[in-house]
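Colleague: Please work out how this folds:
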Amino acid sequence: MDAAGRAGAARVARVAGIAGITSAGVGLASVAGSVSAGAYLARVLLTPERERPELQEILDVDPVGSGTITLRADEETVVPGRYGLWFDQGRGHLRLGDIVASDRLDPVPPEGRLPSTRRATEPVPTVTRVIESIDAGIPRPGPARWDGYVFTSPPEVSFGLATRHVVVPSEIGDHPAWLVPGAGDTREGRGSRWAVLVHGRGATRHECLRAVPTLHRLGLTTLVPTYRNDIEGPPSPDGLYNLGLSEWRDTEAAMSFAMAHGATDIVLVGWSMGGAIVLQTLDLSPLARHVSLAVLDSPVIDWADVIAHHARLRRVPPPLAQLAQGLIGARWSRRLVGVHEPLDVARTDWPHRADELRHRILLLHSADDEFVPVGPSRELARRRKDLVRYEEWTQARHVKEWNVDPHRWERVVTDEITR
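Modeller: I've put the predicted structure just below:
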């Protein structure tokens, strides 16, 4: 999940004001008003975000001397690890490393709102980090956008790996994809073992780049496709996210492409909603029999839990969140919500469907994930110890396990793929 995805989630907070909702209850004037508010919430949950808001701020830059940059401290910039930073309205980009200084004040939330305990006249907390490299532009004080992907260019630029730019055909159109042959592959990406990588909601395929060098080193041919409603990909019939309940068909199309080019063994890797897409693929695709392992990073294991979590954070009454789920799944309300087909959220509740799993899973999740709560991942791992290897992080928040500890991420993924 990137800044656009978080911005989309923040829009849920506006539902309360639009519908006249209070924390004590729905308080709507009529059933029609309730349905209208629920439909609005449902559309917020499903609508792809195109904006990339600049929520951070560069305060000072020393690219020549010590090679550091000072930022306004917030919940993201104070997390240890490796990250990227966009600046100059997206024209510039640099990569950040270790924290070298911090005033240790409570961070300002990324939305830029000062906590009530700090007066606006008090100093803004700061954090200073190492600049690992500057990919484009000249950083200067001003607005910036945090980037958990780190790498922003195709694999041939980011890692110097031979890369083919291919097109994966699907039922709704052609999906641009990167194809990276595994180490030692002399047949230009026609090895027998492949990895198909699936990014998360509001993200791009660049989210997957962090995994490519490890998979390449292990000899897997790696396919990094787009899917429906991506900026680079074709739109779906309704133009909305379907929580993995239709996107899985695009992952199946990528698997079909891999098999047409020699794959006999496939590893699926999914981040956030990409994890939900992978689980639906394993459940519904006839090609799932060719999958030997699924690697799920900060996955959505239960969409109902995620929706309820964000409703609580934004003081949206539980009845409205439940109504939105009902409208998403009801056939009569398809036009009201805008979905092409009803979305049965219950199909995404994998702790309750745990007995139906048939594939080996490596599940990576952080205890402090602010976007996708860790509870369902823990529960799924508890119920299916025979199939699920669970690795829990701390401090990584959402989909930043690699960023916080890349050596551990690469080690556990390598262990499971080669096991």
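Colleague: ok, which stretches of the stretch 151-300 of the chain are helices?
Modeller: Residue ranges of the helices in the stretch 151-300 of the chain, as given by DSSP state H, counting those that start in this stretch, are 155-158, 212-217, 248-260, 273-284.
Colleague: How about Val167: what's its closest non-neighbour residue?
Modeller: Counting by CB to CB, 6 or more residues apart in numbering, Asp174 is the residue found nearest to Val167 once chain neighbours are left out, at 4.5 Å. No exception for glycine: its C-beta is placed from N, CA and C like everyone else's.
Colleague: Test my guess that the one you found contacts Pro234.
Modeller: Yes. Under the criterion of CB atoms under 8 Å, Asp174 lies in contact with Pro234, with a separation of 6.8 Å.
Colleague: how far is stretch 36-53 from where the chain is centred?
Modeller: 16 Å (CA atoms, centre = their mean, to the nearest Å).
Colleague: buried ones in the longest helix along the chain?
Modeller: Looking only at the chain and at elements set by DSSP state H, the helix with the highest residue count is helix 31-46. In terms of neighbour count (16 or more other CB atoms under 10 Å), helix 31-46 has its buried residues at 34-35, 37-46.
Colleague: same deal with stretch 198-206?
Modeller: Across stretch 198-206, burial judged by 16+ other CB under 10 Å covers 198-206.
Colleague: Between the two ends of it, how far is it?
Modeller: Start to finish, the residues bounding stretch 198-206 are 10 Å apart (CA to CA, to the nearest Å).
Colleague: Surely Arg193 is in contact with Leu220?
Modeller: Yes. In this structure Arg193 lies within contact range of Leu220 using CB under 8 Å: 5.2 Å.
Colleague: so what's Ala9 scoring on pLDDT?
Modeller: The predicted local confidence for Ala9 comes out at a pLDDT of 45.
Colleague: Now do stretch 156-167: distance to the chain's middle.
Modeller: 22 Å.
Colleague: meant to ask about stretch 279-295, not that
Modeller: A distance of 20 Å separates the C-alpha centroid of stretch 279-295 from that of its chain, computed with CA atoms, centre = their mean.
Colleague: What is the end-to-end distance of it?
Modeller: Calculated as CA to CA, the first-to-last residue distance of stretch 279-295 is 10 Å.
Colleague: How about stretch 285-293?
Modeller: Across its full length, stretch 285-293 reaches 15 Å end to end, with CA to CA as the criterion.
Colleague: Tell me who's in contact with Gln89.
Modeller: Gln89 makes contact with Glu54 under the criterion CB atoms under 8 Å, 6 or more residues apart in numbering.
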